[in-house]
Structure formats: C-alpha cells, structure tokens
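A.B. asks: Here is my input; please provide its structure:
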Amino acid sequence: MFLSQKKYAVEILERAHMANLQQVCLHMHDPREPHFSALKRILRYVRGTFDYGLQLFSSSTTSLVAYSDVDWAGCPTTRRSTSGYCVFLGNNLLSWSAKRQPTLSRSSAEAEYRGVANVVAKTCWLRNLLRELHTPLSSATLVYCDNVSAVYLSSNPVQHQRTKNIEIDIHFVRDLVAAGQVRVLHVPSRYQYADIFIKELPSALFEKFRTSLSIRCSPASIARKC
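C.D. replies: You can find the predicted model right below:
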C-alpha cells in the first residue's frame, strides 16, 4: 500500500504562494546567502517530493518500537526544546511527531526524559487501541533513546535534586518498565531515526533515515521516469 501526501503538500505550498515551479524559483536564492531561510528550504523540499509517500507493508511482525530524541534548548527565542518521535508496528511507520515542549528544561537529560515519557504515553494509547481491535501485543514496547542519562533514569530507582522537575514523568515511565510493558534502550545517534523530525542532518543521513521510515517515490512516478 502506498499513501501519497501530495494533496497535503500542495495545500502547504498554496498557502505560501509557491504552488508552481516558477513561483518556487522566484522565491529561492543561493542557499549560501544569509537570508536563505530554513522555511524556504523546507518549501523547496516539499515541492520537489510531490511523488513521495508512506509505503505500508504486509508484515507478520507485531512488535511496537519507538525512537525518541530531543533538540535541547533548540529554540533561539524561548530556549525550549523540541521533541521528536516515530513509532513502528512491525515494519510499518505508525505514528510520528515533532513538537515544542511546553516548559523549559534545565538539562539535556531532563528534556530527553520528557521526550521519552511523551512517546511512551503514545505507545500506551496504541497498545490499548490494538487490544480493543482484538490484536493485543504480547511483547514489551521498545523505546530507543540516544541519551544515556535518560535510559538510566527509566529503570534506576535512585532520584536526586536534578530529577525533581520531571518526577511525574519518571514515575510514569518506571512503573511501565517495572510492569514489563516498556523497555527503554540506548541507540547510537547514527540509528536515531527521530532526528529527521527535529534536527538538520547531512544529506546522506537524511536520505537514509527517510528510507528507513518507508518514505519512497511512488511506483507510478518511477514507472513514468523509466
């Protein structure tokens, strides 16, 4: 199954008055110029990927796996962090998000743990939904995070002064870990697929992550090019 996002992409470009190639060219400048904004780069990317969409596969694997990462204090104005996550059911991308955190985090571990708690809450909702659909999951949800401190906090009962700001999130995740419903594991940054939603990446890594999320050019478009 191939889910196209073309209609949504066209609506975005129409609101930005960049719906056709000529308008894109008029708005685009040399990316090395200081005024070449991130927004324009995003719009150009959207315009150039009309034929891309989310590909879904028939899969016998029923494990729920999530990746969570945070751009700590990434907003230059408010210094709030941005959380990103993606959730897979078997080989299929099921849910994803990139969202500014509502409060400031005083450390990267604090921001990362808030991100982990956020995606754990999402996976709990998905597990309940699957149970209601009479397809309950028998294995624990795996949540991958590239912050060692956040992984440690998920299962270690020791708390200290620096964790008081996220005490509720800590207990929420730990209870699920203790119940065997969730496992929080470390993943190297080169395999942290959630980075594609919140960070600027080198082109090669971006394309690798995009493929890992099953975002591909439509079969019809490939056939036309051939």
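A.B. asks: The one helix or strand residue 114 maps to: what's the following helix or strand?
C.D. replies: Here residue 114 sits within helix 108-132, counting by DSSP states H and E. Reading on from helix 108-132 to the C-terminus, the next helix or strand found by DSSP H and E is strand 141-145.
A.B. asks: what helices or strands is that next one leaning on?
C.D. replies: Strand 141-145 makes packing contacts with strand 64-71, helix 108-132, strand 182-186 when contacts are defined by 3 or more CB pairs under 8 Å, 6 or more residues apart in numbering; DSSP states H and E. Every residue, glycine included, has its C-beta placed from N, CA and C.
A.B. asks: after that strand, next one along is what?
C.D. replies: Elements were assigned by DSSP H and E; along the chain past strand 141-145, the next helix or strand is helix 148-153.
A.B. asks: Quick one: residues in contact with that following helix.
C.D. replies: The set of residues external to helix 148-153 that reach it, using CB atoms under 8 Å, 6 or more residues apart in numbering, is 108-109, 112-113, 115-116, 145, 163, 170, 184-186.
A.B. asks: List the buried residues of the helix holding residue 114.
C.D. replies: For helix 108-132, burial by neighbour count (16 or more other CB atoms under 10 Å) applies to 108-120, 122-124, 126-127, 130.
A.B. asks: One more: stretch 204-217?
C.D. replies: By neighbour count on 16+ other CB under 10 Å, the buried set for stretch 204-217 is 208-210, 213-216.
A.B. asks: Point out the ones among those that are inside helices.
C.D. replies: Among those, the subset assigned to helices under DSSP state H consists of 208-210.
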